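Asker: sequence first, predicted model second:
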Amino acid sequence: MGLLDKITFQKRDPDPPEAIDLVDGAMKIVWHGGAEVTIPFVRLRDACPCAECVDEATGKKVLDPSSIPPDIKPEQLLPVGNYAIQIHWSDGHSTGLYSWRTLWIVSGFEE
């Protein structure tokens, strides 16, 4: 076994999106290179990675999708450094930080 077999390389985070827009009940994201995706607000809220929605010890999702109002929408988007956005939702939830990696995965791209 060589040295490189003992090293774990972390995956590189995706580049920040070129644009994020709110359109007709969804978030439209334009990724570096031109890939565009539209994520419905309900799906995005369901993917919240915060400790209130995902058990920190097990990584298991604890948010009940049926508790998400069908008319949910972001009330505010805040940048967090150059690695995430924080979404303040109309249901009062605002603790989730959506990293570029999280948005990339929710966009349907591989981890």
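Answerer: Great, that's in hand.

Asker: so where's the chain uncertain?
Answerer: Where the chain drops to pLDDT under 70, the residues are 1-11, 111.

Asker: mind redoing it with 90?
Answerer: Along the chain, the parts satisfying pLDDT under 90 run over 1-14, 32-33, 109-111.

Asker: please, where are all the helices along it?
Answerer: Per DSSP state H, the chain carries helices over the ranges 3-6, 41-46, 100-106.

Asker: can I get the second one in CSV? Just the C-alpha atoms.
Answerer: Output in CSV follows, covering the C-alpha atoms of helix 41-46 (Å, rounded to 0.1, in the frame of the first residue of the first chain):
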residue,chain,number,x,y,z
PHE,A,41,-39.5,25.9,-3.4
VAL,A,42,-41.1,22.9,-1.6
ARG,A,43,-38.2,20.6,-2.8
LEU,A,44,-35.6,23.2,-1.7
ARG,A,45,-37.2,23.6,1.7
ASP,A,46,-37.4,19.8,2.1
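
Asker: and the contacts of it?
Answerer: 25-27, 63, 65, 68, 70, 72-74, 87, 89, 91, 93, 98, 106 (CB atoms under 8 Å, 6 or more residues apart in numbering). Bear in mind the C-beta positions are built from the backbone N, C-alpha and C, glycine included.

Asker: quick one, strands of this protein?
Answerer: For the chain, applying DSSP state E gives strands covering 19-23, 26-30, 36-40, 74-80, 84-89, 97-99.

Asker: out of those strands, which is closest to D13?
Answerer: With CB to CB as the measure, strand 97-99 is the member of those nearest D13 (7.1 Å).

Asker: starting at the chain centroid, how far to that closest one?
Answerer: 5 Å (CA atoms, centre = their mean, to the nearest Å).

Asker: tell me which other helices or strands it touches.
Answerer: Applying 3 or more CB pairs under 8 Å, 6 or more residues apart in numbering; DSSP states H and E, one finds that strand 97-99 makes contact with strand 84-89.

Asker: each with direction, which strands does the strand it packs on pair with?
Answerer: strand 74-80 (antiparallel), strand 97-99 (antiparallel) (DSSP bridges).
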